[in-house]
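K.L.:
Turn this into a structure:
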Amino acid sequence: MDPAVQNRVRELRQARNWTQEYLAETAGVSRQSINAIERQRYIPSLPLALTLARLFTCPLEQIFTLDRFPEAPTDPGVTTDHSEHPTEPPTRPPDPLNPAAPENPQ
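P.N.:
Here you go, the predicted model:
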């Protein structure tokens, strides 16, 4: 399940008295793209999101937020059961592509 991304583009644009057309021209996209972003129908690419953050002069996190977070994937190579040795850090099996790599990097 993809996380739901919410944004404050409309709010930030209106606070500056910018039109959708002005923001679109400045960001290098169509007015329809800005409209779709504002209506939560389109999640912009990372380069466009960063451009909007620069134009609004605020951090990306103040424009875009995740409603829900996806489950963190588990890494089968990392041991998470510490019941037998709770003070030892997790270990990874040897890397077959890089035998010189340490098994337990610190």
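K.L.:
how about low-confidence regions in this protein?
P.N.:
Where the chain drops to pLDDT under 70, the residues are 1-3, 69-96, 98-106.
K.L.:
what are the ranges of the strands in it?
P.N.:
Ranges of strands within the chain are 5-7, 64-66, based on DSSP state E.
K.L.:
Let's have these in a markdown table, adding distance to residue 24.
P.N.:
The way it works is simple: take the backbone N, C-alpha and C, and place the C-beta from them, glycine included. Compiled in a markdown table, the strands of the chain are given as follows (distance: least, C-beta to C-beta, whole Å):
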| stretch | distance to residue 24 |
| --- | --- |
| strand 5-7 | 15 |
| strand 64-66 | 18 |
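K.L.:
Which among those strands is found nearest to residue 43?
P.N.:
strand 5-7 (4.9 Å; C-beta to C-beta).
K.L.:
ok, the closest one: who's next to it in the sheet?
P.N.:
strand 64-66 (antiparallel) (DSSP bridges).
K.L.:
buried set for the partner strand?
P.N.:
By neighbour count with 16 or more other C-beta atoms under 10 Å, strand 64-66 contains the buried residues residue 64.
K.L.:
Number the chain from 51, please
P.N.:
Right, with 51 as the first residue, what we last looked at is strand 114-116.
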